[in-house]
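Colleague: from the sequence below, what's the structure:
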Amino acid sequence: MSDLNVFVEDSASQALDLFVIEIRDRTLTSTLPAFAKTLRDVLFAFAERDPLRSQLLTEGIESPEWNFDYRGVDFFVPTFAPFYPPEHTRYSQDELSAFIVLQPDHSFSRRGINSQSPHRERLTSQTRDLFESMGYQYNVNLITGTPKALRYVHPVDPFGTPIRWWETQ
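Modeller: Numbers count the residues shown, from 1 in each chain. Got it, this is the predicted structure:
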């Protein structure tokens, strides 16, 4: 927890973009349901230890405005795991490791990537085209048309039903 606290304190002033948590326990990462539960457990543990949190982690989680936040910093939380097929954008590239990535919103803002950006549509198209040129399926509707929490853990089928990781047990 102390490493995350240091990251939160220094990330904006030092232009740090990612805090990566590697998980090397196959019982936690070998299937989509297990990995969704792992993400749930990790984010709930962070929320429970956040002295600045005044509401439940899941309050408003399906609204477009919701963000995972820790110590006052909003994060996007993409995840990567070995159970995805190699042509999936969330494949971890390592059969032994899964990754939970905490990306502070200020890293997007620093690069002009946010929902208010006049270049947002062009950037989304370029990203989709780049992924597809490398053989990956890229579901633009999942990336842009759903609440952020539903973008954290992707379905194995890129066009499948979004994963409600916070409801896993």
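
Colleague: quick one: contacts for the residue nearest to Pro51 when sequence neighbours are not counted?
Modeller: Excluding the flanking residues, the one nearest Pro51 by C-beta to C-beta, 6 or more residues apart in numbering is Arg71, at 7.5 Å. Placement of C-beta: from N, CA and C, glycine included. For Arg71, the contact set (C-beta atoms under 8 Å, 6 or more residues apart in numbering) comprises 5, 8, 50-52.

Colleague: let's see 6 Å
Modeller: Contact partners of Arg71, counting by C-beta atoms under 6 Å, 6 or more residues apart in numbering, are 8, 50, 52.

Colleague: host element of Gln103?
Modeller: strand 98-104 (DSSP states H and E).

Colleague: rounded mean pLDDT for that strand, please.
Modeller: Strand 98-104 carries an average pLDDT of 96.

Colleague: picking up where we left off before, got the phi and psi for the residue nearest to Pro51?
Modeller: Phi and psi for Arg71, reported as degrees, to the nearest 10, are phi 50, psi 40.

Colleague: which helix of the protein spans the most residues?
Modeller: Scanning the chain for the helix with the most residues, using DSSP state H, yields helix 32-48.

Colleague: what about it, distance to the chain center?
Modeller: 12 Å (C-alpha atoms, centre = their mean, to the nearest Å).

Colleague: just stretch 95-111 next, same as before
Modeller: Relative to the mean C-alpha coordinate of its chain, stretch 95-111 is positioned 7 Å out (C-alpha atoms, centre = their mean).

Colleague: what residue ranges in this structure score low on pLDDT?
Modeller: Counting by pLDDT under 70, the chain has low-confidence residues at 1, 108-120, 124, 128, 139, 141.
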